[in-house]
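Colleague: I would like to see how this sequence folds:
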Amino acid sequence: VPSLDQFTQELRIASNNDAGLGYQLGLFYFSEKLDIVSYDYGSPTDTAPAAIGVQRQDSEALGVFGSLNYQFENGLKVQAGARYNHDKRDMVASRPVDTRPGFLGFGGPVSPQTASVGDDVVTWDAAATMPLSEEVNLFARVAKGYRAPSIQGRLVFGRTLSVADSETTMSYEGGLKSSFAGGRARFNLTGFYFTTDNMQLTAVGGASNFTTLINAKKVDGYGFEAELEARPVRGLTLTAGVSYNHNEIKDPNLYVAGCGAPCTVLDPVRPASTGIFSINGNQLPQSPRWTANWTAGYAAPVGDGEVYVFTDWAYRSKVQFFLYESVEFSDDNMLEGGVRVGYRTNRFDLAGFVRNVTNDVSAVSGIDFNNLTAMVNEPRVFGVEIGYKF
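Modeller: Got it, this is the predicted structure:
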């Protein structure tokens, strides 16, 4: 990034009320001028790049927003707001140097390519919070969200720019927050549903080894999140959380290139188009249906400090690494845990620890260009840590 000039300014006026009517008004402005140079080296020992891609992107964004809230005497609080969004982006990109004629079908220099995108959208939200008692609050929110259009222009490999139109999302959520057992425990539960039109997606890799922006006509999702924290006895703290997230791409006319590696793609092939697959009905990549986490910690006073033991665990279900589904570029599940035992005072902390106790080996991402490459999680790690607070 040889050059980056950025200016951001936000002005806001807001009330400071504990009850009755409150308000907020504001203005946001953003301007950026960005230069990027990308290099491709033919081998690790080359001293000069085989290809150079350059791009210049000018971005501008303006937002005008306001909201009102009202606190009723019975504790009910309602809020509603809106925002006007103006976004504009211009890009010019080229590949002035390329000594790879015929390389993968797109070698050779590329003359300057230009693209411009922009949009004007009004977004809004409305929310309410209602206390049922001193221990339980209910809440609900509905909102329209927006993501500005984007341009992908790093032309080290491809010969054309790709553009993603703006996306809009309607989201709905509701739930409760509670405490019980005299404040020694709390439980929160949230359910959600969203529908996104023209979701911006990134098709990474495949046979062409470059990134392309695309839009899915619609993506719907729903699920829930729950968390529990408890301190049943002095010195002992327990936490647990679980979430379910179902989402689905809904676009029967959306196709992407499969892996350049010899992998087993599970999606249907587009008629008369070898290596191009439909992703209609797929879950979003890196999006597990289930995740869970839990911790336990206990501390007992000893001398001027305390001896403590703490363990934390995290689980996720199956994920796909790319927009298409395949046997190889996926991971069935991952479970990682850690344990820490130590002694601490107000200033000192001496502890031994183990990360990834079970030595779980899971792939977390991959490269599907022309070989079966996977990145995996960290192996089991032992260590000792000494800390001191000045």
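
Colleague: Show me what stretch 46-57 is in contact with.
Modeller: Identification of contacts with stretch 46-57 by CB atoms under 8 Å, 6 or more residues apart in numbering yields 32-42, 89-100, 110, 151, 153-156. All C-beta atoms are positioned from the backbone trio N, CA, C, and that covers glycine.

Colleague: ok, now stretch 94-102?
Modeller: Applying CB under 8 Å, 6+ apart, the set of residues contacting stretch 94-102 is 40, 42, 49-55, 107-113, 155-156, 159.

Colleague: what bridges to residue 340?
Modeller: Residue 340 forms beta bridges with residue 310, residue 353, as assigned by DSSP bridges.

Colleague: What does the pLDDT read for residue 369?
Modeller: With respect to pLDDT, residue 369 scores 84.

Colleague: With residue 108 as the reference, measure out to it.
Modeller: According to CB to CB, to the nearest Å, residue 369 and residue 108 sit 20 Å apart.

Colleague: between these two, who's got more neighbours?
Modeller: A count of neighbours by other CB atoms under 10 Å puts residue 369 above the other of residue 369 and residue 108, at 18 against 13.

Colleague: mind checking how far the more buried one is from residue 296?
Modeller: Remark: distance between residue 369 and residue 296 (CB to CB) = 43 Å.

Colleague: Next: residue 206.
Modeller: To residue 296, residue 206 is 44 Å away according to CB to CB.

Colleague: swap in residue 236?
Modeller: Counting by CB to CB, the gap from residue 236 to residue 296 is 8 Å.

Colleague: do the same with residue 372
Modeller: Separation of residue 372 from residue 296 (CB to CB) stands at 39 Å.

Colleague: quick check, residue 134 in a strand?
Modeller: No: read with DSSP: H, G, I helix; E, B strand; the rest coil, residue 134 is coil and lies in no strand.

Colleague: pLDDT score for it?
Modeller: Confidence for residue 134, expressed as pLDDT, is 91.

Colleague: burial of it, as a residue count?
Modeller: Residues near residue 134, counting by other CB under 10 Å, number 8.

Colleague: Please apply the same query to residue 244.
Modeller: Residues near residue 244, counting by other CB under 10 Å, number 16.

Colleague: What segments of the stretch 151-300 of the chain are strands?
Modeller: For the stretch 151-300 of the chain, the strands defined by DSSP state E, counting those that start in this stretch occupy 162-164, 167-180, 185-203, 212-230, 236-249, 255-257, 276-278, 290-302.
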